[in-house]
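**Q** coordinates for the following, if possible.
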Amino acid sequence: MTIMENIPDPEFKYVFKRIIYFNSHCKDLIIKTLKVIKDEILKTNSCDTFDCIVYTDSFGIYCNNESVINQFERFLVSKLPDNTLIYPHYIVNSVNFEDIRRFQTHTHLPLGRCIIEAIQVIKESIDKFTMQNIFLSFNGGKDCVVLLYLLQAVLDELKYNERIKAVYFQSEDQFSEEEDYVQSTINRFNLDLTIIKGELKSGLQEFLKENPQFCASIIGTRQSDTGSTKLQFFQVK
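**A** So this is what the prediction gives:
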């Protein structure tokens, strides 16, 4: 599992960090390999701040240069045997949604301000439509995964215990790894999932015809995506 986090606040020692999980029985190999790679990286890059910290089943790479961390991970993957590292859909650690909500207090960070705004929009959506009339558009991509975590954090705060309704618009060119990740996320969050194969527009029309109670969909997207620059938080179709 890798997590990249940009922390511009000067009180933090490191600007970038990445946490990578590994099989616990490989810890000695990980420590040895990290030392070799760190020495190689330091020879080819001038890093004011660069460090590795090994934990029980993970290690952190810390640096002021994001490209160095990316280079470090590429070296690491090339030197380690298969199945040494563990990637996100195999991680079963529980999610502390309180930590997600607590990030709203970090108003001095751009990410903190974005989380505040996103949570406010989610709460407003629930107030307007109720969860019985909302479904989550989910395909396992980064945007909808982030949205799922934020939505679950809000529902956890509201003590909402019903399953989230999600719709997966499945394309024909999905990778098997994507399908594995979608399935593991479904299981982890106990989603009430409907899979619709084929074209999005016709699939959505058929879903709404069979489920007329749904009047709103929560969708994760980025303003930099094609056609998304002018989208509003609440978009009527």
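
**Q** so residue 20, which of the three states?
**A** Under DSSP: H, G, I helix; E, B strand; the rest coil, the three-state class of residue 20 is strand.

**Q** start the count at 27 instead of 1 going forward.
**A** Let's use 27 as the start, then, which means that last one is residue 46.

**Q** right, and it touches residue 102 too?
**A** Yes - with contacts counted by CB atoms under 8 Å, residue 46 reaches residue 102, the gap being 7.5 Å. Using the backbone N, CA and C atoms, a C-beta is placed for each residue, glycine as well.

**Q** anything in contact with each of the two?
**A** With CB atoms under 8 Å, 6 or more residues apart in numbering applied, the overlap between the contact sets of residue 46 and residue 102 consists of residue 111.

**Q** how close does the residue lying closest to residue 144 once chain neighbours are set aside sit to residue 135?
**A** Ranked by CB to CB, 6 or more residues apart in numbering and with sequence neighbours excluded, the top spatial neighbour of residue 144 is residue 176, at 5.3 Å. Noted for residue 176: a distance of 16 Å to residue 135, by CB to CB, to the nearest Å.

**Q** the two: which has the busier surroundings?
**A** When residue 176 and residue 135 are compared for neighbours, residue 176 comes out ahead with 21 against 16, by other CB atoms under 10 Å.

**Q** who are the contact partners of the more buried one?
**A** For residue 176, the set of contacting residues under the criterion of CB under 8 Å, 6+ apart consists of 126, 141, 144, 145, 148.

**Q** and the protein, what are its domain boundaries?
**A** Domain assignment for the chain by the TED database gives 36-105, 123-245.

**Q** pLDDT on stretch 220-231, on average?
**A** The average pLDDT for stretch 220-231 rounds to 84.

**Q** give me the number of residues near residue 219?
**A** Neighbour count of residue 219, defined by other CB under 10 Å: 19.

**Q** for residue 259, same thing?
**A** Neighbour number of residue 259 under other CB under 10 Å is 11.

**Q** just the element for the residue lying closest to it once chain neighbours are set aside, please.
**A** Once its chain neighbours are removed from consideration, residue 259 has its nearest residue in residue 147; the separation is 4.8 Å (CB to CB, 6+ apart). Element membership of residue 147 [criterion: DSSP states H and E] is helix 136-155.

**Q** please pick out the residue of the protein most distant from its centre.
**A** In terms of distance from the mean C-alpha position of the chain, residue 69 ranks first, at 32.9 Å (CA atoms, centre = their mean).

**Q** how far away is that residue from residue 143?
**A** If you measure residue 69 against residue 143 using CB to CB, the figure is 43 Å.

**Q** could you do residue 50 as well?
**A** Noted for residue 50: a distance of 39 Å to residue 143, by CB to CB.

**Q** right, I'll call it a day here.
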